[in-house]
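Visitor: Take a look and give me a structure for this.
(one chain, ligands or ions: 1)
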Amino acid sequence: MDEMAVQGEMLIGAGARAGTAASFHAFDPTLQTVLEPSFAGGTLADVDQACALAAAAFDPFRATGPEARAAFLEAIAVNLEGTAEAIVSRAMAETGLPEVRIRGELGRTTGQLRLFARVVRDGSYLDARIDHALPERTPPRADIRLVHQPLGPVVVFGASNFPLAFSVAGGDTASAFAAGCPVIVKAHHAHPGTSELAGRAIQQAVADCGLPEGTFALLFGSGTEIGVALVADPRVQGVGFTGSFAGGTALMKVAQQRAQPIPVYAEMSSINPVVLLPGALAERGAAIGAAFAGALTLGAGQFCTNPGLVLALEGSDTAAFVAGAKGAIAEMKPATMLTGGIHNAYRLGVDALVANPRTTHVIAGDPGEGLVSQPNLFAVTAEDLMADHSLTAEVFGASSVLVRCKDAAQLKTVIDELEGQLTAAIHVAASDLDLVRDLLPHLERRAGRVLFNGFGTGVEVCDAMVHGGPYPSTSDGRSTSVGSLAIARWLRPVCFQDAPDALLPPTLQDANPWKVPRRVNGVRG
Ligand code: NAP
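Guide: Numbering: from 1, shown residues only. Predicted coordinates for the structure are as follows:
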């Protein structure tokens, strides 16, 4: 695909046009300058058109066989690669994220699309089941067949902190397409140019693969108007969101208040507790501290898996941990944050921790200048943490709180009182194993991913990944937004009873023309 320039246009069906609502510009947070061209939000008429086209596209798109749908996902990946230079430079300008990170994220995005192409070809996700009729049984059993079918058009909200991998062509879009759902993306206003370029790569793939034009649309505009209108539209059947707790819960409410409520898969706030056990601290406290500093500051701390809470026992060697973290942070340059709004929220969160009489400010990195994230570590006692819940609020950026617990019982109480989390990490040595066994069920109840001797930043895209967790880290802890299981969010089981073979979906016909794996009369095929 030829490289293309950002034109400031929304993509609806096969067309592209500028919005007619309030105009805005992207902003370069590093240079603090406005980026051309200007964009403008869509209108309710644009929402209506995108939804009408998506509804019309649903039946033909979901009827595509595994090969056609996989080829579509792969075509998007190829088109993104074809326009990589334009996407990378625009994303760097719009986010302040460094080139190596953006290139890595592009690779992750195309890798995700190809993973879902493999999932579609494999067909196991359909979980097809056939229970043949048993006419001689008393009472007789009908012929009963189940397959997972796509929900319908899905709305995806692009995330500010991953302009590619959790945005227009990101994991929510890839998994919804894989399931057979048309997608309408509400772009994040922080990276509209990147959104347009990624959107054009998808639009081109829709055309090249001969798919209905309503398979994809990209709209700009405010969340409270365009976002709410999309979620409220009766033709929309599911929502994917990554962002703030306030935004996610507002959209959940809109979805619940519809005549037909629909699922909202919102990934929201998480402080990702890290437990440091005494043996691990004694053995390698400084090294853990240095690794922690790296995780804390990755992407200027703007990761949903950022380690915002560190739990240790009083009397263990937290001094080595703090010294290791301090040494590593002293070497770091402050990193630019994504937007003025996110920077402001970060400063307010840090200022509140500084002003809180219960905290000690143990590490303050270089404050830098401009829209940068100063790394910070605060310390509190477990009593104080439990007495003041503001201390466990997510501060989106490179800020964390070290909690000293009197004993293992208090450590478990702190964990039990935490809200749901995306990740929980535990650092252990051989001498800690009895304690770990005791703590593990507590951590598992609180988090979607429990990891040993590491940090939750860096979410591998693979079959076994869970990037989700109990509320409020996500709206529905039974799901994941990363990895192949993410497809399950956009499917529902449908059962056909005594249906003539020719009228069944190909996945359930006797001849199994798509060769999908099936469980027939209880036996996996
Ligand atoms: P955000 O404010 O939640 O915005 C995300 C998207 O949701 C935007 O498209 C926004 O539209 C829309 N939206 C927000 N509030 C809405 C509402 N009440 N109704 C309908 N739509 C709404 O998130 P953000 O801009 O990415 O960052 C703000 C904060 O979110 C950060 O400071 C951080 O605390 C948190 N955050 C968390 C994560 C995470 O993974 N946990 C990731 C990113 C951000 P507009 O275009 O109108 O803003």
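Visitor: average pLDDT for stretch 507-521?
Guide: Across stretch 507-521, pLDDT averages out at 98.
Visitor: Was I right to think Cys462 contacts Ser484?
Guide: Yes: counting by CB atoms under 8 Å, Cys462 touches Ser484, with 7.5 Å between them. Backbone N, C-alpha and C define where each C-beta goes, glycine included.
Visitor: Near the ligand, which residues of the chain? Just list them.
Guide: Neighbours of the ligand within the chain, by CB under 6 Å from any ligand atom: 157, 159-161, 186, 188-189, 222-224, 227-228, 242-244, 246-247, 250-251, 267-270, 304, 342, 345, 394, 396.
Visitor: Now do the shared contacts for Cys462 and Ser484.
Guide: Leu115 (CB atoms under 8 Å, 6 or more residues apart in numbering).
Visitor: higher neighbour count, those two?
Guide: A count of neighbours by other CB atoms under 10 Å puts Ser484 above the other of Cys462 and Ser484, at 22 against 11.
Visitor: Distance of the more buried one relative to Thr474?
Guide: Separation of Ser484 from Thr474 (CB to CB, to the nearest Å) stands at 17 Å.
Visitor: ok, now Ala255?
Guide: Ala255 sits 14 Å away from Thr474, going by CB to CB.
Visitor: higher neighbour count, the two?
Guide: For the pair Ala255 and Thr474, the greater number of neighbours falls to Thr474 (29 against 22), based on other CB under 10 Å.
Visitor: My guess is the more buried one contacts Gly468. True?
Guide: Yes: judged on CB under 8 Å, Thr474 makes contact with Gly468 at a distance of 4.7 Å.
Visitor: can you list residues touching both of those two?
Guide: Counting by CB under 8 Å, 6+ apart, the residues touching both Thr474 and Gly468 are 267, 422, 448, 481.
Visitor: Which of those residues sits closest to the ligand?
Guide: Glu267 (5.4 Å; CB to the nearest ligand atom).
Visitor: Chain neighbours aside, what residue packs nearest to that closest one?
Guide: Nearest residue to Glu267, sequence neighbours excluded (CB to CB, 6 or more residues apart in numbering): Thr242, at 4.5 Å.
Visitor: Tell me how many other residues surround the one you found.
Guide: Neighbours of Thr242 under the rule other CB under 10 Å: 27.
Visitor: Next one: it relative to Phe378, how far apart?
Guide: In this view, Thr242 and Phe378 are 26 Å apart by CB to CB.
Visitor: most surrounded residue in the shared contacts of Thr474 and Gly468?
Guide: Within the shared contacts of Thr474 and Gly468, most neighbours by other CB under 10 Å means Leu422, with 30 neighbours.
Visitor: contacting residues for that one?
Guide: Contacts of Leu422 (CB under 8 Å, 6+ apart): 267, 270, 272, 304-305, 447-449, 456, 467-469, 473-474.
Visitor: This structure: helices as residue ranges?
Guide: 44-62, 66-82, 84-95, 99-122, 171-179, 192-208, 228-232, 245-256, 278-297, 318-330, 340-355, 382-387, 408-417, 433-446 (DSSP state H).
Visitor: Tell me which of the ones you listed sits most buried.
Guide: When you average the neighbours per residue for each of the helices of the chain (mean count of other CB atoms under 10 Å), helix 171-179 leads with a mean of 30.
Visitor: okay, the angle between that one and helix 44-62?
Guide: Per axes from the mean of the first three to the mean of the last three CA atoms, to 10 degrees, the angle that helix 171-179 makes with helix 44-62 is 40 degrees.
Visitor: What lies in contact with helix 171-179?
Guide: Counting by CB under 8 Å, 6+ apart, helix 171-179 makes contact with 69, 72-73, 76, 112-113, 115-117, 119-120, 125, 150-151, 154, 156, 165-166, 183, 185, 202, 215, 238, 240, 242, 265, 461, 481-482, 486-487, 489-491, all of which sit outside it.
Visitor: Ala93 is in contact with Leu35, isn't it?
Guide: Yes: the pair Ala93 / Leu35 is scored as a contact, 5.9 Å apart, by CB under 8 Å.
Visitor: Can you pull the residues that touch both of the two?
Guide: 26, 28, 193.
Visitor: List the contacts of the first one.
Guide: I take that to be Ala26. Ala26 makes contacts with 34-35, 39, 93-94, 190-193, as judged by CB under 8 Å, 6+ apart.
Visitor: repeat for Ala5
Guide: Applying CB under 8 Å, 6+ apart, the residues near Ala5 are Ala86.
Visitor: For it, give me phi and psi.
Guide: Main-chain dihedrals, Ala5, degrees, to the nearest 10: phi -90, psi 150.
Visitor: cool, and Met337?
Guide: Phi and psi for Met337, reported as degrees, to the nearest 10, are phi -90, psi 170.
Visitor: For the closest residue to it other than its chain neighbours, give its distance to Phe166.
Guide: Distance criterion CB to CB, 6+ apart; nearest residue to Met337, sequence neighbours excluded, is His343 at 4.3 Å. Distance from His343 to Phe166, counting by CB to CB: 20 Å.
Visitor: Can you name the residue of the stretch 301-450 of the chain nearest the ligand?
Guide: Closest approach between the stretch 301-450 of the chain and the ligand, counting by CB to the nearest ligand atom: Cys304, at 2.7 Å.
Visitor: Can you check the pLDDT for that residue?
Guide: You'll see Cys304 listed with a pLDDT of 96.
Visitor: Equivalent analysis for the one 10 residues further on, please.
Guide: In the prediction, the pLDDT value recorded for Glu314 is 96.
Visitor: List the contacts of the residue lying farthest from the centre of the chain.
Guide: Distance from the centre of the chain peaks at Glu136, with 50.5 Å (CA atoms, centre = their mean). The contact partners of Glu136, by CB under 8 Å, 6+ apart, come to none.
Visitor: about what we covered before: and the helices of the chain: which comes nearest Val523?
Guide: Nearest to Val523, of all those, is helix 99-122, at 18.8 Å by CB to CB.
Visitor: Please write out the alpha-carbon positions of that closest one in PDB.
Guide: Provided in PDB are the C-alpha atoms of helix 99-122 (Å, rounded to 0.1, in the frame of the first residue of the first chain):
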ATOM      1  CA  GLU A  99      10.400   5.400  18.000                       C
ATOM      2  CA  VAL A 100      11.500   2.100  19.400                       C
ATOM      3  CA  ARG A 101       8.300   1.800  21.400                       C
ATOM      4  CA  ILE A 102       6.100   2.800  18.500                       C
ATOM      5  CA  ARG A 103       7.800   0.400  16.100                       C
ATOM      6  CA  GLY A 104       7.400  -2.300  18.700                       C
ATOM      7  CA  GLU A 105       3.800  -1.500  19.100                       C
ATOM      8  CA  LEU A 106       3.200  -1.600  15.300                       C
ATOM      9  CA  GLY A 107       4.800  -5.100  15.300                       C
ATOM     10  CA  ARG A 108       2.600  -6.100  18.100                       C
ATOM     11  CA  THR A 109      -0.500  -4.800  16.300                       C
ATOM     12  CA  THR A 110       0.300  -6.700  13.000                       C
ATOM     13  CA  GLY A 111       1.200  -9.700  15.100                       C
ATOM     14  CA  GLN A 112      -2.200  -9.600  16.900                       C
ATOM     15  CA  LEU A 113      -4.000  -9.500  13.500                       C
ATOM     16  CA  ARG A 114      -2.000 -12.500  12.300                       C
ATOM     17  CA  LEU A 115      -2.700 -14.300  15.600                       C
ATOM     18  CA  PHE A 116      -6.400 -13.900  15.000                       C
ATOM     19  CA  ALA A 117      -6.100 -15.000  11.400                       C
ATOM     20  CA  ARG A 118      -4.600 -18.300  12.900                       C
ATOM     21  CA  VAL A 119      -7.500 -18.500  15.400                       C
ATOM     22  CA  VAL A 120     -10.100 -18.100  12.700                       C
ATOM     23  CA  ARG A 121      -8.500 -20.800  10.500                       C
ATOM     24  CA  ASP A 122      -8.200 -23.100  13.500                       C
END
